[in-house]
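>>> Fold the following and give me the result.
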Amino acid sequence: MERLTSLVGLTIRGVTLTSRVPAGELYRPAKHGTLALLIIWMVTTVDSAFYPVFHLLSLFTRIDHLSVNNLECAWISELATVSSSGLAPPIEDAPEVDALSVVSADPEGRWSGHRGMVHLFRHIHPRWKLKRLEMVISGVSLQDVLSDFLPDCDATLTCLCIHAAVYVLANMIAQAEGRTPGLWPVPSLRGCCCLQTLELSIHVARGTALTERSGQALMRKCFERTLILSSEILLATPPTLRKVEITFKAEDDYDDESLRLAELPEWSRLDDALCVLGEEVEVVCVMARGIEAVYNGHAHLAFGAQCHEMDKETEERVIPCGTVEHTGHAHVLTLNPVYGPYVVVL
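Below you'll find the predicted structure:
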């Protein structure tokens with residue numbers, strides 16, 4: 001790592017992390033400067049411990065954007081376990097972070113490592129002054145997710161990204177299983193006194209066990225509630241808001257001839273919420289596969305007119321494990337074990 005003096009981006013994907021320093025011992029590595037972007041994607045750790053992730057972060061003094069996607073490791077919140085891992089508060093030697101993105105498709109099981117990120121955020125000294133936050137945590141309410149962060153970063157947060165369909169689907173599953181009687185409340189964002197940009201992701205949810213059982217009727221219901229939740233989120237924003245970006249996502253085989261989502265009456269509710277924001281707020285509608293349209297008065301028009309024109313998503317570029325891509329005078333390193341298991345020792 002020390003030889004990559006111009007490193008600005010690092011992606012670690014599908015590897016197993018371990019550390020030369022045992023759990024609980026003081027770890028003060030030589031710092032390697034700053035990163036514009038660090039992506040930890042589908043990574044696991046030896047013995048499912050969280051501390052190797054912290055040791056990785058501690059290699060840097062600053063990370064502009066930290067993205068943690070489905071981190072496969074356990075998190076046990078008991079004080080004795082946390083202390084034995086060297087993560088008892090206050091946690092020092094962590095990098096500064098401006099933007100945080102965390103995704104967990106299974107927060108109670110295999111990919112519960114996001115809880116360790118919440119612990120870091122709460123107990124790192126000095127505290128992270130987040131400017132951008134994106135949390136995509138399946139199976140829990142939006143209010144519970146945001147409550148882990150907003151009280152401590154509402155004075156610095158300028159951009160918030162919310163994937164509404166994830167929380168709608170979680171609520172519908174909870175209702176079907178009898179764990180909740182109705183819709184979960186929408187948290188107020190008015191305490192975010194610096195919030196300027198709200199990014200909303202509106203997704204045609206499919207591919208889960210719940211949607212497979214119930215088919216198109218449930219998909220329509222999920223989309224209806226996603227529009228409703230998005231509308232309520234818009235109405236909960238502070239007066240500092242200056243931009244709303246709505247991204248419509250659909251699968252390759254999406255067919256509006258059968259689902260007829262563009263005809264749902266809940267679109268008017270979304271339009272009304274956008275109108276309440278006033279003319280000083282810029283609203284942009286983006287199609288997930290590369291087509292962009294500036295909002296022109298009715299959000300559903302952009303969705304209905306373009307859903308059949310979305311191009312195929314481009315194939316992801318896979319860089320062989322350990323190679324370095326040169327971008328001008330900067331380096332972007334991707335660790336991607338395309339040929340089998342790979343262990344990264346810090």
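
>>> contacts, neighbours, all on C-alpha from now
OK.

>>> looking at it, Leu169 is touching Lys221, isn't it?
No - using Cα atoms under 8 Å, Leu169 makes no contact with Lys221, being 9.7 Å away.

>>> Show me which of these two is the more surrounded one.
The neighbour comparison of Leu169 against Lys221 (other Cα atoms under 10 Å) goes to Leu169, with 27 against 16.

>>> nearest residue to the more buried one other than its sequence neighbours?
Cys222 (6.5 Å; Cα to Cα, 6 or more residues apart in numbering).

>>> what about the one you found, helix or strand, and which?
helix 209-235 (DSSP states H and E).

>>> so what does that helix touch, helix or strand wise?
helix 164-176, strand 197-203, helix 266-276 (3 or more Cα pairs under 8 Å, 6 or more residues apart in numbering; DSSP states H and E).

>>> repeat that with 7 Å
Counting contacts by 3 or more Cα pairs under 7 Å, 6 or more residues apart in numbering; DSSP states H and E, helix 209-235 is packed against helix 164-176, helix 266-276.

>>> Run a quick neighbour tally on Ala176.
Residues lying near Ala176 (other Cα under 10 Å) number 12.

>>> And for Glu279?
Neighbour tally, Glu279, other Cα under 10 Å: 10.

>>> got it, and the one 5 residues further on?
Other residues within reach of Val284, judged by other Cα under 10 Å, total 18.

>>> cool, Pro185 as well?
Pro185 has 11 nearby residues by other Cα under 10 Å.

>>> Pairing partners for the helix or strand just after the helix holding Cys222, with directions?
Proceeding N to C from helix 209-235, the next assigned helix or strand is strand 243-249, under DSSP H and E. Take DSSP bridges as the rule and strand 243-249 pairs in its sheet with strand 197-203 (parallel), strand 282-287 (parallel).

>>> if we can go back for a sec, can you give me the angle the helix holding Cys222 makes with strand 243-249?
170 degrees (axes from the mean of the first three to the mean of the last three Cα atoms, to 10 degrees).

>>> Can you get me a residue count around Arg179?
Counted with other Cα under 10 Å, Arg179 comes out at 11.

>>> looking at the strands paired with strand 243-249, which is closest to Asp152?
Relative to Asp152, the nearest member of the strands paired with strand 243-249 by Cα to Cα is strand 197-203, separated by 18.3 Å.

>>> would you put the C-alpha positions of the closest one in PDB?
Extracted in PDB, the C-alpha atoms of strand 197-203 (Å, rounded to 0.1, in the frame of the first residue of the first chain):
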ATOM      1  CA  THR A 197     -30.300  17.600  -1.700                       C
ATOM      2  CA  LEU A 198     -32.700  14.700  -1.300                       C
ATOM      3  CA  GLU A 199     -32.200  11.700  -3.500                       C
ATOM      4  CA  LEU A 200     -35.200   9.300  -3.800                       C
ATOM      5  CA  SER A 201     -35.000   5.900  -5.400                       C
ATOM      6  CA  ILE A 202     -38.300   4.600  -6.600                       C
ATOM      7  CA  HIS A 203     -37.900   0.900  -7.600                       C
END
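
>>> List the buried residues of stretch 123-139.
123-125, 127-139 (16 or more other Cα atoms under 10 Å).

>>> Between the two ends of that stretch, how far is it?
This stretch, stretch 123-139, spans 25 Å end to end (Cα to Cα, to the nearest Å).

>>> looking only at pLDDT, what's the mean for it?
For stretch 123-139, mean pLDDT rounds to 91.

>>> so how many other residues sit close to the closest residue to Glu224 other than its chain neighbours?
Leaving aside its chain neighbours, Glu224 sits nearest to Glu266 (6.2 Å; criterion: Cα to Cα, 6+ apart). Glu266 has 19 neighbours, counted by other Cα under 10 Å.

>>> related to what we said a few turns ago, burial-wise, tell me which of the helices and strands packed on helix 209-235 comes out on top.
helix 164-176 (a mean of 21; mean count of other Cα atoms under 10 Å).

>>> and Leu10, bridged to which residues?
Leu38, Leu333.

>>> Revised request: answer the last question for Ala99.
Bridge pairing for Ala99 - DSSP bridges - gives His65, Arg132.

>>> circling back: state the distance from the residue nearest to Glu224 to Ala49.
For Glu266, the distance to Ala49 - Cα to Cα - is 45 Å.

>>> go on, Ile173?
Taking Cα to Cα, one finds Ile173 at 30 Å from Ala49.

>>> now what about the helix or strand where Val136 lies, what contacts it?
Assigned by DSSP H and E, Val136 falls within strand 132-137. Strand 132-137 is contacted by residues 98-105, 107, 157-163 when judged by Cα atoms under 7 Å, 6 or more residues apart in numbering.

>>> Ok, stretch 169-179 next?
Ser138, Gly139, Val140, Thr180, Pro181, Gly182, Leu183, Trp184, Cys222.

>>> Distance check, Gly33 against Lys129.
19 Å.

>>> His32 too?
The gap separating His32 from Lys129 is 21 Å, by Cα to Cα.

>>> on that earlier part again, and the two most separated of the buried residues of stretch 123-139?
Maximum distance among these (Cα to Cα): 29.9 Å, for His125 and Gly139.
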